[in-house]
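Here is a sequence with its predicted model. Questions after.
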Amino acid sequence: MSQLLGVYLMEILGFRTLINPETTRNGILFGDKKGPWVTDRLSKLLAKESQARLGFRMTIADYRHISVAIDRKFVRGIDLELADDEDEDEAHDLMAAHSTRTALNRYGRQAGLLRRLDAESIEVFRSISDRWHRWLGLVSRIQRREAEGQEEEVEDESVEMQVQSALERAYGVSAEFRGKQREAVMAVVKGVSPLFICLPTGGGKSLTFMIPCLLKTARTTVVITPLVALADDLLRRCKEFNIDCFIFGRTAQRMAKVVIIVTETAVRSAFSQFILDIHLSKGLERIVFDEAHKIVTDLNYRPKLEDLKKLALPVQYVFLSATFPPNMRKEFEQAMVVKDMVVIRELAHKRQFKYAVEFYEDDELWESYLEFIEDSIGLCTGTDKVENDCEY
Amino acid sequence: MSVAQVGVDEYEAGDIKFRELLCLLIILTCGQSGRGTEMTSLLYMNTMESERNILIEDGQFMLVTEYHKSLAMMDDLKVSACSV
């Protein structure tokens, strides 16, 4: 089939475009210049062909049911009752775009398994197609790399390369890390724990856990964030990266690459149970604490923050913050019951900012202040804005 | 270059017949439960509206389809792929 399609696309399509450019302009393979063919047309054709070759009429709708039956009975190779092997099943049902549970209970209901395509699901989809091809006797002539061989290759291909390609997938081909991002991402990927990443605002803190989630071997990352707005923001950004992600408590529980949770929900027992379940099924890779300094600074009015330490599990702990003065470290380590924390820190100073402290007597303070501001206005480009500020 | 319109029409008719059968074959062999609309809206090139669905992965064609029912229901696209 690949060959048929390939030859068609490479040889015939070009010729058609040459002699009759109107018909190929919209890029639709199975259609004409008016748009895609309607399903009805294919259905009639399928009925005609099946009547002629198989001796009975089969429409697309009929085939839909037949294909599910074939899949269950022959391709999957196991009885429905024995359908325990989750990985295998999941793939077939994923292909039918509904969850295993839905498939087992009743087809046609809303399912929670919303996944985008990543390297892992491509493999899964592919193995399904392969099994169908084998059942149909269409053995591919291409020698595919063996699964084990591929694993080794991935090992050979350094982690750094994988990280780079994940970055390029997310941001485009010539994407590069800024500042200490690379160091931070590598530490996360290598499982350094406990790890504290202190990057300036806008320095790409969230990237340090999102990129590792794009790796083929990635398991689940739980992100605990102190604010609902931040949770929404992270959800949006994960979706931009095509990382399967949901906010705990907002939608139905399920497995995902990234589970976002707001602190106050994180200390409830429903979540501890959930996180423990993932951990016991060896699915939990790391817990990330966003805006981690708040564990120390906001403790006095959000007492629940203290309960976070009860989440203790033997997985990687990553703390993210833009504000983590060295003298906060001891208090922080005590609050989270961790020790020997590795800190990756990038200075938050910006070159265009200047800080200074000067001392004045009371009586000359106001005058010097005005003088200073007048001097500064000369240096600034956005004069209107500065003048506004100066009215105070 | 000018081509006799009659010849073009003839060629096009044969081409359509071929593509119809190819489409059926893909539906029947790729292992995905038969979805007409997803198959007929496959794009072989990027357009203004959307990206192409036909890709090559490790020496085989891979068709990536979006499952529209979930978009309407849950504002989220399910994506599935099959190789041919």
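Arrived safely.

show me where chain A has strands.
A:31-32, A:35-36, A:195-198, A:220-225, A:245-247, A:258-262, A:284-289, A:316-321, A:342-345 (DSSP state E).

And the contacts of the last one?
Identification of contacts with strand A:342-345 by Cβ atoms under 8 Å, 6 or more residues apart in numbering or on different chains yields A:180, A:183-184, A:187, A:192, A:194-199, A:324, A:329. No exception for glycine: its C-beta is placed from N, CA and C like everyone else's.

Could you tell me which strands sit next to it in the sheet, and their orientation?
strand A:195-198 (parallel) (DSSP bridges).

Let me know the average pLDDT across the partner strand.
For strand A:195-198, mean pLDDT rounds to 91.

now it, how far from the centre of its chain.
A distance of 21 Å separates the centroid of the chain from that of strand A:195-198, by Cα atoms, centre = their mean, to the nearest Å.

Next: stretch A:289-302.
Using Cα atoms, centre = their mean, the offset of stretch A:289-302 from its chain centre is 26 Å.

low pLDDT regions in chain A?
For chain A, the stretches flagged by pLDDT under 70 are A:76-122, A:139-157, A:348-351, A:376-392.

returning to what we had before: may I see the strands of chain A arranged in CSV, with mean neighbour count as well?
Output for those, formatted as CSV (neighbours: other Cβ atoms under 10 Å in any protein chain shown):
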stretch, mean neighbour count
strand A:31-32, 18
strand A:35-36, 16
strand A:195-198, 26
strand A:220-225, 26
strand A:245-247, 21
strand A:258-262, 23
strand A:284-289, 24
strand A:316-321, 23
strand A:342-345, 14
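
As TSV, the ones you listed with distance to A:Leu45 would be great.
Formatted as TSV, the strands of chain A follow (distance: least, Cβ to Cβ, whole Å):
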stretch	distance to A:Leu45
strand A:31-32	14
strand A:35-36	14
strand A:195-198	58
strand A:220-225	45
strand A:245-247	41
strand A:258-262	44
strand A:284-289	49
strand A:316-321	55
strand A:342-345	61
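
biggest separation within the contacts of strand A:342-345, which pair?
A:Glu183 and A:Arg329 (18.7 Å; Cβ to Cβ).

related to what we said a few turns ago, right, and the strands of chain A - which one's nearest A:Asp62?
strand A:35-36 (21.2 Å).

in its sheet, what does the closest one sit against?
With DSSP bridges as the test, strand A:35-36 pairs up with strand A:31-32 (antiparallel).

and residue 40, how many neighbours does it have?
As the question left the chain open, I've gone with chain A. By the criterion of other Cβ atoms under 10 Å in any protein chain shown, A:Asp40 has 11 neighbours.

ah, I was thinking of chain B
20.

got the contact list for it?
A:28, A:30-31, A:36-39, A:42, B:23.

quick one, strands of chain B?
B:54-57, B:60-67, B:78-83.

CA atoms of the shortest one as CSV?
Put plainly, it is strand B:54-57. Provided in CSV are the C-alpha atoms of strand B:54-57 (Å, rounded to 0.1, in the frame of the first residue of the first chain):
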residue,chain,number,x,y,z
ILE,B,54,0.2,12.0,5.0
LEU,B,55,3.7,11.5,6.4
ILE,B,56,6.5,9.0,6.0
GLU,B,57,7.7,7.3,9.1
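
circling back to that earlier point, out of the strands of chain A, nearest to A:Val124?
That would be strand A:220-225 among the strands of chain A, by Cβ to Cβ, at 16.8 Å.

So in that sheet, which strands flank that closest one, and in what orientation?
Strand A:220-225 has these strand partners (DSSP bridges): strand A:258-262 (parallel), strand A:284-289 (parallel).

Now do the same contact list for the nearest residue in space to A:Val259 that is not next to it in sequence.
Among residues not flanking A:Val259 along the chain, A:Val222 sits closest, at 4.9 Å (Cβ to Cβ, 6 or more residues apart in numbering or on different chains). Each residue near A:Val222 by Cβ under 8 Å, 6+ apart is listed here: A:258-259, A:261, A:275, A:278, A:284, A:286-288.

can you rerun that using 7 Å?
When contacts are counted by Cβ atoms under 7 Å, 6 or more residues apart in numbering or on different chains, A:Val222 touches A:259, A:261, A:275, A:284, A:287-288.
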